[in-house]
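>>> Turn this into a model:
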Amino acid sequence: VAGSPATARRILPVAVGVVAVLAALAGWARATGDLPARDREHDGGVIVTRAAASEIRHGRNPYTADFGPLLPESWQLVQGTGGELVENPVRDHFPYLPAAALVHVPFVVAADAVGQTWDPRILGWAAVVAAMVVVARRPEPAWARLGAVLGVGSAFAIIYLSWGTNDPFAAALAVVALALADRAPGWAGVALAVAVSAKLLLAVLVPPLALVVWLTGGAAGLRRWWTFPAVLAATVIPALLADPGAFLDDAVWFNLGRSEPRMPTSGIGIPAVAPGFDGVPLAVLTGLGLVAALVLPLVAVRRRPSVWVAGAASGLALLAVLVPARTFQVNYLVLVAALLPLVLLASPRPGPSDLSGTGPPA
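Numbers count the residues shown, from 1 in each chain. Prediction:
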């Protein structure tokens, strides 16, 4: 495909259409199929996110809400790798920043008005399709755009979007932010703020992206991204002021594995697959991973200031953080699969499409 631009251009819209249809059909089949409740909808990405949006709609604080009565029996407990069963922490934790629920509030209101139940997977599907479309319309070579589109719409994305985790939603919005960086940094900042709100892990993208903006557009370029801190501040500060303890426990300590009850060790990280590798060796590896996640993306974009390099380097940074993590779930690979292929879009030399924040103010 790389050797035949015409073929790549013909395949590109077909790939976007096929992924969009497959994702929609997979989500519909899982949501309406004869499956156990646990397999029909994800606890945090569907049930709790929808409930949090409903709490906000009615003027209540989602960080102090009890979601236990809304969870089906199969979600009341979660099991770790060693068979450990604990009460599902999302019973009384909303583990995302406020914007992750706020974006669903209008849809919850509309669905309630017509006697229906809003499914957050719909917005996740729309975000994935939007990401594929904006990438497909970029000026980079068609074969590179095709690779990036298939990263956003990978099998990981289709599977976990159909189940209802918010990883595809967050990953897609991060890609949208990078794709709009040179043309509409204001909207890009909004997309990135919602992406980070839905998946705090994506905060690893912020430092290298900010460095790219600074290197290519200076202070003026950074100012064009004012919407990113503005959206976060406008959504986080009210929740923090309403109940600082509840907000920090849900949105911060939960994601750091410090809130109670804790998620049991599970997934595909080293603590789950090699429980004997612990103590000082694991602590050292975790520390090295954090240093690598913070430093290597900055080094990469310092050498090659491109938003695409920032995205791809952040995908690697996620792996450095997740591999030694106690709860590295498979669905997190959606983020990695969406970000890594973006390196295909980085041309050998900087050009207008590589630069962030050089377009007109949004």
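
>>> what's the model's confidence in the helix or strand harbouring residue 239, averaged?
Secondary structure assignment for residue 239, by DSSP states H and E: helix 227-242. Averaging the model's pLDDT scores along helix 227-242 yields 98.

>>> for the helix or strand just after that helix, packing partners?
Secondary structure here is assigned by DSSP H and E; on that basis, the next helix or strand after helix 227-242 toward the C-terminus is helix 244-247. Helix 244-247 sits against helix 227-242, with contacts defined as 3 or more C-beta pairs under 8 Å, 6 or more residues apart in numbering; DSSP states H and E. No exception for glycine: its C-beta is placed from N, CA and C like everyone else's.

>>> What are the contacting residues of stretch 250-266?
63, 78-82, 84-87, 89, 93-97, 200, 239, 249, 271-272, 275, 326-327, 329 (C-beta atoms under 8 Å, 6 or more residues apart in numbering).

>>> Just the ones of those in helices?
Within the contacts of stretch 250-266, residues falling in helices by DSSP state H are 239, 271-272.

>>> and which of these is nearest residue 333?
Distance from residue 333 was checked for each of the ones in helices among the contacts of stretch 250-266 by C-beta to C-beta. The minimum falls on residue 272, at 14.3 Å.

>>> Hmm, that closest one is touching residue 79, no?
No: the criterion here is C-beta atoms under 8 Å, and residue 272 misses it with residue 79 at 11.8 Å.

>>> In terms of neighbours, single out the busier of these two.
In terms of neighbours (other C-beta atoms under 10 Å), residue 272 is the more surrounded of residue 272 and residue 79; the figures are 19 against 11.

>>> quick one, what contacts the more buried one?
Here residue 272 is in contact with 80-81, 265-266, 326-328 (criterion: C-beta under 8 Å, 6+ apart).

>>> what residues does the helix holding residue 239 touch?
Contact with helix 227-242 is made by 61, 63, 97-99, 102, 185-190, 192-194, 196-197, 247-248, 251, 362, as judged by C-beta under 8 Å, 6+ apart.

>>> Quick one: buried ones out of the residues you listed?
With burial judged by 16 or more other C-beta atoms under 10 Å, the buried subset of the contacts of helix 227-242 is 61, 63, 97-99, 102, 185-186, 188-190, 192-194, 196-197, 247, 251, 362.

>>> And the strands in the stretch 1-150 of the chain?
77-79, 85-87 (DSSP state E, counting those that start in this stretch).

>>> Save the ones you listed as TSV, and put in distance to residue 107 and mean pLDDT too.
What follows is the strands of the stretch 1-150 of the chain, written out as TSV (distance: least, C-beta to C-beta, whole Å; pLDDT from 0 to 100):
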stretch	distance to residue 107	mean pLDDT
strand 77-79	27	93
strand 85-87	30	91
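
>>> surely residue 176 meets residue 127?
Yes: under the criterion of C-beta under 8 Å, residue 176 is in contact with residue 127, at a separation of 7.2 Å.

>>> still on that earlier bit, go through the helix holding residue 239 and flag the buried ones.
Buried residues in helix 227-242, counted by 16+ other C-beta under 10 Å: 227-228, 231-232, 235-236, 239-240.

>>> how close does the residue nearest the centre of the chain get to residue 152?
What sits nearest the mean C-alpha location of the chain, by C-alpha atoms, centre = their mean, is residue 170, with 2.6 Å. Between residue 170 and residue 152 the computed distance is 12 Å (C-beta to C-beta, to the nearest Å).

>>> Nearest to residue 209 among the strands of the stretch 1-150 of the chain would be which one?
Going through the strands of the stretch 1-150 of the chain one by one, with C-beta to C-beta as the measure, strand 77-79 comes closest at 33.5 Å.

>>> Which strands or helices does that closest one pack on?
With contacts taken as 3+ C-beta pairs under 8 Å, 6+ apart, strand 77-79 sits against strand 85-87.

>>> so which helix or strand takes in residue 281?
Following DSSP H and E, the helix or strand that holds residue 281 is helix 279-303.

>>> shouldn't residue 159 be in contact with residue 26?
Yes: Residue 159 sits in contact with residue 26 when judged by C-beta under 8 Å, with a separation of 7.3 Å.

>>> wait, what's in contact with residue 107?
Contact criterion C-beta under 8 Å, 6+ apart gives 53, 118, 122-123 as the residues in contact with residue 107.

>>> Residue 207 too?
With contacts defined as C-beta under 8 Å, 6+ apart, residue 207 is in contact with 294, 297-298.

>>> Output the residues you listed in a markdown table, with neighbour count appended to each entry.
Converted to a markdown table, these look like this (neighbours: other C-beta atoms under 10 Å):
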| residue | neighbour count |
| --- | --- |
| 294 | 15 |
| 297 | 28 |
| 298 | 17 |
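
>>> Closest one to residue 112 out of those, please.
When those are compared for distance to residue 112, the smallest value, 42.2 Å, is given by residue 297; criterion: C-beta to C-beta.

>>> where does the stretch 1-150 of the chain have low pLDDT?
Filtered on pLDDT under 70, the stretch 1-150 of the chain yields the residue ranges 1-3.

>>> Distance from the chain centre to the longest helix along the chain, please.
Counting by DSSP H, the longest helix found in the chain is helix 5-32. In terms of C-alpha atoms, centre = their mean, to the nearest Å, the gap separating the centre of helix 5-32 from the centre of its chain is 20 Å.

>>> Can you tell me which helices and strands it packs against?
Applying 3+ C-beta pairs under 8 Å, 6+ apart, one finds that helix 5-32 contacts helix 37-40, helix 121-136, helix 142-152, helix 155-163.

>>> May I see those helices arranged in CSV, with mean neighbour count and distance to residue 67 as well?
Converted to CSV, those look like this (neighbours: other C-beta atoms under 10 Å; distance: least, C-beta to C-beta, whole Å):
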stretch, mean neighbour count, distance to residue 67
helix 37-40, 14, 15
helix 121-136, 23, 18
helix 142-152, 24, 30
helix 155-163, 23, 18
